[in-house]
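Undergrad: got a sequence here, can you build the structure:
(one chain, ligands or ions: 1)
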Amino acid sequence: MSAALGNDAASQLQALYAEMQPRSLYPLWEVLGALVTPEPRSPARVHRWTYADARDYLLRAGDLISAAQAERRVLIMENPGLPGTSSVTPSLYAGLQLILPNEVAPCHRHAQCALRFVMQGEGAFTAVDGEKAMMRPFDLVLTPGWQWHDHGNTSNEPMIWLDGLDIPTVLHFDASFAEHLSAAAHPETVPAGDTLRRYGRNMRPMRGTVSDRRQGRQPLFHYPYVEWRESLLGLARSGEPDPHFGHALEFSNPADGGAVMPTISAHVRLLPAGFATRPRAATDGTVFVVVEGNGAALVEGRTIPLSPRDVLVVPSWRELVLQADEDLVLFGYSDRVAQEKLGLFREYRA
Ligand code: 1HN
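TA: Okay, here's the model as predicted:
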């Protein structure tokens, strides 16, 4: 409310508000400025989780509860500015999941889209609709919405990965559905690696033929580190880094060239040693995982050191500079694709 009111009008308005409230009616003019801000004012905060710290708590949980008991043994990385929401940004979720040798995380499916980014261990799998992806450090594995998925650890070491999901987005739309498979694990109906061979090499089964098994769905769900790293290093060898990103590659859906899932975009970037990005802000709050190297994030007047496996969240519209002390490789995911579809995505480049 801008113009001042006389005392009389002000007290009569207060009385009016009090009368309306039981009928669930409120004056917009009291809240308009907070609802329609001139630019984003996310309550989410910049926050970094150091991996060793989180891993120790997760391993302690591993001594106390099994993957089967927990269904998913995960520590939620909740943004300190969004208490009680299980959210890392207003639209996204992040957690660290542990699966110990011989454990199975039972098969289920849900409307929510998920990605896994492997932090430690080798030889556990995620099975998606009956096909196993054997996971190695820094592999990206997807479980797009409504696809059956279970995890198992057939190795003899603990396996930890970061889960990124669109849980708050699905909650926002009141569109959550989930169900369990009657068996703990989906029958293995497809040989491991089959999808990667069919869709991971810039080709796809001829449309409409019997081999186009994953037609109509995001066909590819495994993006191995050995492959994306080679692409990223190749990119870095053959050109100049982008001033605001460094060398950056987005993971794409081979069926349509778009983002990996309808609500989540994911990318990797390499900042050469000594390089610092120009400042940039964007409306897609982003979760970063440090893959290789050391450096720092400069944001909100703070310098946040970055080391391998650290997780950093940078909310919407915070001006960010990333600097690399050594060659710095980062993985990141955000809701950029969802915002683009809704006509909301904006960025600012200094
Ligand atoms: C889920 O299904 C997984 O499948 C992990 O591993 C984390 C967090 C919330 C809801 C569903 C998984 C999840 C989740």
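
Undergrad: run a quick neighbour tally on Gln181.
TA: Careful, residue 181 is Leu; it's not Gln. 15 (other Cβ atoms under 10 Å). The C-beta positions use only the backbone N, C-alpha and C, and glycine is treated the same way.

Undergrad: let me know whether it touches Ala127 as I believe.
TA: No: using Cβ atoms under 8 Å, Leu181 is not in contact with Ala127, being 10.8 Å away.

Undergrad: interface residues of this protein facing the ligand?
TA: Within the chain, the positions near the ligand by Cβ under 6 Å from any ligand atom are Arg72, Val74, Gly95, Gln97, Ala105, Gln112, Ala114, His149, His151, Asp163, Leu165, Ile167.

Undergrad: related to what we said a few turns ago, and for Leu181 and Ala127, which residues touch both?
TA: Counting by Cβ atoms under 8 Å, 6 or more residues apart in numbering, the common neighbours of Leu181 and Ala127 are Cys107, Trp148, Asp150.

Undergrad: for the ligand, what's its nearest residue on the stretch 101-250 of the chain.
TA: Asp163 (4.2 Å; Cβ to the nearest ligand atom).

Undergrad: which residues does that residue contact?
TA: By Cβ under 8 Å, 6+ apart, Asp163 lies in contact with Arg72, Val74, Tyr93, Ala94, Gly95, Leu96, Gln97, Ala114, Leu115, Arg116.

Undergrad: nearest to the ligand among these?
TA: Of all the contacts of Asp163, the ligand sits closest to Arg72, with 4.3 Å by Cβ to the nearest ligand atom.

Undergrad: please name the nearest non-neighbouring residue to that closest one.
TA: Once flanking residues are discounted, Arg72 sits nearest to Ala105: 5.6 Å by Cβ to Cβ, 6 or more residues apart in numbering.

Undergrad: which other residues reach the helix or strand that neighbour falls within?
TA: Using DSSP states H and E, the element containing Ala105 is strand 104-110. Under the contact criterion Cβ under 8 Å, 6+ apart, strand 104-110 has outside partners 67-68, 71-73, 97, 99, 127, 145-152, 176-181, 183-186.

Undergrad: neighbouring strands - and their directions - for that strand?
TA: Applying DSSP bridges, strand 104-110 is found paired with strand 149-153 (antiparallel), strand 178-180 (antiparallel).

Undergrad: reformat those strands as TSV; add mean neighbour count.
TA: Shown next, in TSV, are these (neighbours: other Cβ atoms under 10 Å):
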stretch	mean neighbour count
strand 149-153	23
strand 178-180	11
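
Undergrad: could you dump those strands into TSV with distance to Leu171 and mean pLDDT added?
TA: Compiled in TSV, the strands paired with strand 104-110 are given as follows (distance: least, Cβ to Cβ, whole Å; pLDDT from 0 to 100):
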stretch	distance to Leu171	mean pLDDT
strand 149-153	20	95
strand 178-180	12	97
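
Undergrad: to Thr209, which of those strands lies closest?
TA: Closest to Thr209 of these is strand 149-153 (Cβ to Cβ; 26.2 Å).

Undergrad: and after that closest one, which helix or strand comes next?
TA: Immediately after strand 149-153, counting by DSSP H and E, sits strand 159-165.

Undergrad: name the strands paired with that following strand and say parallel or antiparallel.
TA: Paired neighbours of strand 159-165 in the sheet (DSSP bridges): strand 93-99 (antiparallel), strand 114-120 (antiparallel).

Undergrad: which of those strands sits most buried?
TA: strand 93-99 (a mean of 24; mean count of other Cβ atoms under 10 Å).

Undergrad: what's next to that strand, contact-wise?
TA: 54-55, 58-59, 61-62, 67, 72-77, 86-88, 105, 116, 119, 124, 151-153, 158-168, 287, 311, 313.

Undergrad: list only buried entries from the residues you listed.
TA: For these, a burial check counting by 16 or more other Cβ atoms under 10 Å picks out 54-55, 58, 62, 67, 73-75, 77, 86-88, 105, 116, 119, 124, 151-153, 158-168, 287, 311, 313.

Undergrad: in the stretch 201-350 of the chain, which spans are strands?
TA: Counting by DSSP state E, counting those that start in this stretch, the stretch 201-350 of the chain has these strands, from start to end: 222-223, 247-250, 265-271, 280-282, 286-292, 295-299, 302-306, 311-314, 320-324, 328-334, 347-349.

Undergrad: reformat those strands as CSV; add mean pLDDT and distance to Gly239.
TA: As requested, those are exported to CSV (pLDDT from 0 to 100; distance: least, Cβ to Cβ, whole Å):
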stretch, mean pLDDT, distance to Gly239
strand 222-223, 96, 22
strand 247-250, 98, 8
strand 265-271, 98, 12
strand 280-282, 98, 19
strand 286-292, 98, 20
strand 295-299, 98, 21
strand 302-306, 98, 24
strand 311-314, 98, 26
strand 320-324, 98, 17
strand 328-334, 98, 17
strand 347-349, 97, 19
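
Undergrad: how about those strands, which one is nearest Gln215?
TA: With Cβ to Cβ as the criterion, Gln215 lies closest to strand 222-223 of these, at 18.0 Å.
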